[in-house]
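> sharing a model prediction with you, sequence too.
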Amino acid sequence: MGDLLCSLPIWLVPALPALGFLVLAVIGGQLPRRWAAVIGTGSVGLSAAATLGVAACFLRHPPAGGVRIETLWTWIDVGSFEIGFSLALDALSLVMIFVVSFVGFLIHLYSTEYMADDEGFSRFFAYMNLFVAFMLMLVLADNLFLLYLGWEGVGLCSYLLIGFWYTDAANGAAAQKAFIVTRVGDTAMAVALLLLFKHAGTLDVRQAMAWATENWAPGSTMAVVVALLLLGGAVGKSAQLPLQTWLPDAMAGPTPVSALIHAATMVTAGVYLIARTHAVFLLAPPAMTAVAVVGAATLLLAGCSALVQTDIKRVLAYSTISQIGYMFLGLGVGAWSAAVFHLMTHAFFKALLFLAAGAVILALHHEQDIFKMGGLRKRLPAVFWTFLLGSASLAALPVVTAGFYSKDLILWAAWASSAGAPWLWAAGAIGALLTAFYSFRLVFIVFFGDEKGHVDHRPGLKIVLPLAVLAALSVVGGFVETPGWLGHVTAFSHLTESALPAVDWAVTDHHVEHRLQAVVAGITLLGVLAAYLLYLRPSSIPAAVKATALGAWLSRFWLSGWGFDALYDRLFIRPFKGLAHLLRGDPFDEISATVARVAESGHSALSRTQNGRIRTYAFGIGVGAVIAAAIVVLT
Amino acid sequence: MTAAVLLGHGLVIASALFVIGLVGVLVRRNLLFQLLSIEIMLNAAGMAFVIAGARWGQADGQVMFIFILVMAAAEVAVGLALLLRVSRQVRDLDGDAVSAMRG
């Protein structure tokens, strides 16, 4: 059986969604909706099945060196620059393709009902399939060039899907914003890849990493520069400080898109990139610190912003930014495996939260303001329970949720690894308080209290089933890695240890670990309690706080995401637009236009001599002959 | 009369003829008279050849005059043909009126 599974090629995993895209793109318009749904969902479902087969083979017969490579063909071959179209499967990409194909499949299934009445039904599934194909290519790529292809491909799909409802100009603007802002990071990443190629002479991930480890001294300038540029790419894609502004606006897309691209998979590509190139980062301690600081700052900033949002999807968007901040914090302190673990659990519970939010939005006829919701607990029980589990996992309620285990690992590493520091842990702990508060604020406002909206659409099986599966994963997904006092399961870190280095612990005292866990658990419960007191019971405190000058200012400030949009508007957009306005008349064309004007006036002057009169011409000839003769005679 | 004096007087007459012809071309507006003036200029040139040939006692000058004579005949044939076309089309022989080719 194992051998049979091992004959299953890896390329099948990204090829199936790509095939689905091709079919839908070419004949999708003629197909009935049912068939478009079957092809769109089926291709990703088959890809998930192929992933299972490939994973079973990988686990049963671990390949030598922990990597299974499949070279399909040579893509580019110019002199010493040779890029193979080859896929590599190691533990890290295995986790990623598992998340992408399974969560992707559930979201596709959900979309068949969510998008059922949409005009662009088959177009939607075509884009989604293309996205899954590119994302799988990104994580399976054997070289950084192919990875970059996938990287840009998912960016394109993100653009297409944010602007899916393109008749509204605001959606198009949001799509452009996402594309342009991430492009800033992508440019940094492209420069990093060029530098790597210039020095190492190869873009093969493993070869380049091995070369860097051998030839660059720890802390050498080149390593730091490359690591920081890679961080720039990761920051753009993963919506971290200072390029986080695009993600909240990206919520303009359909909700399944937010769940798949802007929560579960694409935005975590930055985390994957850093984990994939960890060798360079290990050589560059300043860059590691930068990763940790970016993560810590982002998780706090986004957490605060999530507190005051009124749009259900924007709450979740800021929460996504904040949770990816945790992953960056984990990467920055060298807890590679923990960061990828949090990536996985976050994919489960955040996809769940978005899908549940989508069910609520659909039920209330596209209402997204949480203060116009309320009391949905009885109306939408399935959505309520799954959303509750997702929120609990997001808030990392101790012991019973997946989020607890992954976040706990990151926080412990932030304190105890050699790159960690108490203040990094403190940032994470404050973030935990914010997370618990805003996630349960959402639950209490939307599902408890008085009924406000009118429910006119009850979710069917195709919506409830993905919710249930993801809710189950949000709970049990954490049990693959548990702390010492709770079973000490290490299945996940055991799997990833072949691809990612272990944490370099500076503190190994388990008493400290337990005490910190207790503190974080207490903080989390405190956050839930605060949300309970302020939003479930009739309380005048939120309104009173908002009434004070400071409260009102802070609320506005956080609502706008710390004023980053206004800042960038002033720093970049307005100067750019001003410049564009200045250049509108093409001032630089004046140079060539002047040449043209001189030639034109010369032409009109000369053409005036051609008056068509024979006598004038004869006169000219005569004068010319006299002058010529004079020259000959006189010189 | 010496050959040098012959040459000097002859060239003065030729030049005078040439200038008369040139002035005729420049001043007259009637195409027919312009053609006549060109003939005068050609004859002036031919006369210069003949005088120069006589001065050095060689026949080349007279040969050249015959060439010019033939050329002048051809030129007049073409010129008169054009003149006929112009007079039919424009119903005028004013050279300045035929200026459709101005730039």
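Sure, I can see it.
> state the next helix or strand along the chain beyond the lowest-mean-pLDDT helix or strand in chain B.
Among the helices and strands of chain B, helix B:3-27 carries the lowest confidence by mean pLDDT, DSSP states H and E, at a mean of 89. Going down the chain from helix B:3-27, the next helix or strand is helix B:31-56, by DSSP states H and E.
> now do the same contact list for the residue nearest the centre of chain A.
The geometric centre of chain A, computed from its C-alpha atoms, lies nearest to A:Val267 (C-alpha atoms, centre = their mean), at 1.4 Å. Residues in contact with A:Val267 (C-beta atoms under 8 Å, 6 or more residues apart in numbering or on different chains) are A:237-239, A:247, A:261, A:320, A:324. Heads up, the C-betas are built off the backbone N, CA and C, glycines and all.
> so which bits of chain B are right by chain A?
Within chain B, the positions lying close to chain A (C-beta under 8 Å from any C-beta of the partner chain) are B:22, B:25-27, B:29, B:31, B:34, B:95-96, B:98-103.
> show me what contacts A:Val623?
By C-beta under 8 Å, 6+ apart, no residues touch A:Val623.
> can you count the residues close to the residue of the stretch 451-600 of chain A found nearest chain B?
Nearest residue of the stretch 451-600 of chain A to chain B: A:Glu600, at 13.8 Å (C-beta to the nearest C-beta). Using other C-beta atoms under 10 Å in any protein chain shown, A:Glu600 has 10 neighbouring residues.
> now the helix or strand it falls within - C-alpha only, PDB.
Per DSSP H and E, A:Glu600 falls inside helix A:589-609. Taking Å, rounded to 0.1, in the frame of the first residue of the first chain, the C-alpha atoms of helix A:589-609 are listed here in PDB:
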ATOM      1  CA  ASP A 589       8.500  66.000 -24.000                       C
ATOM      2  CA  GLU A 590       9.200  69.700 -24.400                       C
ATOM      3  CA  ILE A 591      12.700  68.900 -25.400                       C
ATOM      4  CA  SER A 592      11.700  66.800 -28.400                       C
ATOM      5  CA  ALA A 593       8.800  69.000 -29.100                       C
ATOM      6  CA  THR A 594      11.200  72.000 -29.400                       C
ATOM      7  CA  VAL A 595      13.200  70.200 -32.000                       C
ATOM      8  CA  ALA A 596      10.100  69.400 -33.900                       C
ATOM      9  CA  ARG A 597       8.900  73.000 -33.700                       C
ATOM     10  CA  VAL A 598      12.300  74.300 -35.000                       C
ATOM     11  CA  ALA A 599      12.100  71.900 -37.900                       C
ATOM     12  CA  GLU A 600       8.600  72.900 -38.600                       C
ATOM     13  CA  SER A 601       9.300  76.600 -38.800                       C
ATOM     14  CA  GLY A 602      12.400  75.900 -40.900                       C
ATOM     15  CA  HIS A 603      10.100  74.000 -43.200                       C
ATOM     16  CA  SER A 604       7.500  76.700 -43.600                       C
ATOM     17  CA  ALA A 605      10.300  79.300 -44.200                       C
ATOM     18  CA  LEU A 606      11.800  77.200 -46.900                       C
ATOM     19  CA  SER A 607       8.500  76.300 -48.500                       C
ATOM     20  CA  ARG A 608       7.700  80.000 -48.900                       C
ATOM     21  CA  THR A 609      10.600  80.200 -51.400                       C
END
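> surely A:Ile76 is in a strand?
Yes - the assignment for A:Ile76 is a strand, going by DSSP: H, G, I helix; E, B strand; the rest coil.
> check the secondary structure at the residue nearest to it when sequence neighbours are not counted for me.
The shortest distance from A:Ile76 to any non-neighbouring residue, by C-beta to C-beta, 6 or more residues apart in numbering or on different chains, is to A:Ile83 (4.3 Å). Counting by three-state DSSP, the backbone at A:Ile83 sits in strand.
> quick one: contacts for A:Ile83?
A:74-77, A:143, A:145-146, A:203.
> and those, which is closest to A:Val95?
Distance to A:Val95 across those (C-beta to C-beta) is lowest for A:Leu146, with 18.8 Å.
> I'd like the average pLDDT over the helix or strand containing the closest one.
Applying DSSP H and E as the criterion places A:Leu146 in helix A:144-162. Average pLDDT, helix A:144-162: 92.
> what is that helix packed up against?
Contact partners of helix A:144-162 among helices and strands, from 3 or more C-beta pairs under 8 Å, 6 or more residues apart in numbering or on different chains; DSSP states H and E: strand A:68-78, strand A:81-89, helix A:121-140, helix A:169-200, helix A:205-215, helix A:221-237, helix A:269-276.
> the ones you listed: which one's closest to A:Val315?
Taking C-beta to C-beta, helix A:169-200 is the member of the helices and strands packed on helix A:144-162 nearest to A:Val315, at 17.0 Å.
> so which bits of the closest one are buried?
For helix A:169-200, a neighbour-count test (16 or more other C-beta atoms under 10 Å in any protein chain shown) marks A:171-172, A:174-175, A:177-179, A:181-182, A:184-186, A:188-193, A:196-197, A:199-200 as buried.
> quick one, what contacts A:Val308?
Contacts of A:Val308 by C-beta under 8 Å, 6+ apart are A:554-555, A:558-559.
> which of these has the largest number of neighbours?
A:Trp558 (20 neighbours).
> which helix or strand contains that residue?
Using DSSP H and E, A:Trp558 sits within helix A:549-559.
> that helix - contacts with which helices or strands?
Helices and strands in packing contact with helix A:549-559 are listed as helix A:285-308, helix A:541-547; criterion 3+ C-beta pairs under 8 Å, 6+ apart.
> which of those helices has the lowest mean pLDDT?
helix A:541-547 (a mean of 78).
> point out where chain A drops to low pLDDT.
Low-confidence regions of chain A, defined here as pLDDT under 70, cover residues A:1-3.
> show me which residues of it are close to chain B?
Counting by C-beta under 8 Å from any C-beta, chain A comes close to chain B at A:606-615, A:618-619, A:622.
> so A:Leu161 touches A:Tyr127, yeah?
Yes - shown here, A:Leu161 and A:Tyr127 form a contact pair, counting by C-beta atoms under 8 Å, at 5.2 Å.
> circling back to that earlier point, JSON lines for the contacts of A:Val267, including neighbour count?
Below are the contacts of A:Val267 laid out as JSON lines (neighbours: other C-beta atoms under 10 Å in any protein chain shown):
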{"residue": "A:Lys237", "neighbour count": "27"}
{"residue": "A:Ser238", "neighbour count": "30"}
{"residue": "A:Ala239", "neighbour count": "29"}
{"residue": "A:Leu247", "neighbour count": "27"}
{"residue": "A:Ile261", "neighbour count": "28"}
{"residue": "A:Thr320", "neighbour count": "30"}
{"residue": "A:Ile324", "neighbour count": "32"}
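> need those residues in JSON lines with secondary structure, can you?
Shown next, in JSON lines, are the contacts of A:Val267 (three-state DSSP):
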{"residue": "A:Lys237", "secondary structure": "helix"}
{"residue": "A:Ser238", "secondary structure": "coil"}
{"residue": "A:Ala239", "secondary structure": "coil"}
{"residue": "A:Leu247", "secondary structure": "helix"}
{"residue": "A:Ile261", "secondary structure": "helix"}
{"residue": "A:Thr320", "secondary structure": "helix"}
{"residue": "A:Ile324", "secondary structure": "helix"}
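> closest to A:Asp118 among those?
The shortest approach to A:Asp118 among the contacts of A:Val267 belongs to A:Ile261, at 17.1 Å (C-beta to C-beta).
> hmm, the closest one is touching A:Val154, no?
Yes - look at A:Ile261 against A:Val154 with C-beta under 8 Å: they come within range, at 7.3 Å.
> show me which positions of stretch A:286-300 end up buried.
Those would be A:287-288, A:290-300, for stretch A:286-300 by 16+ other C-beta under 10 Å.
> cool, and stretch A:201-216?
A:202-206, A:208-209, A:211-212, A:216.
> of those residues, closest to A:Leu355?
A:Val205 (33.1 Å).
> surely the closest one and A:Leu144 touch.
Yes - using C-beta under 8 Å, A:Val205 is in contact with A:Leu144, at 6.0 Å.
> okay, and the common contacts of these two?
With C-beta under 8 Å, 6+ apart as the test, A:Val205 and A:Leu144 both reach A:Thr277.
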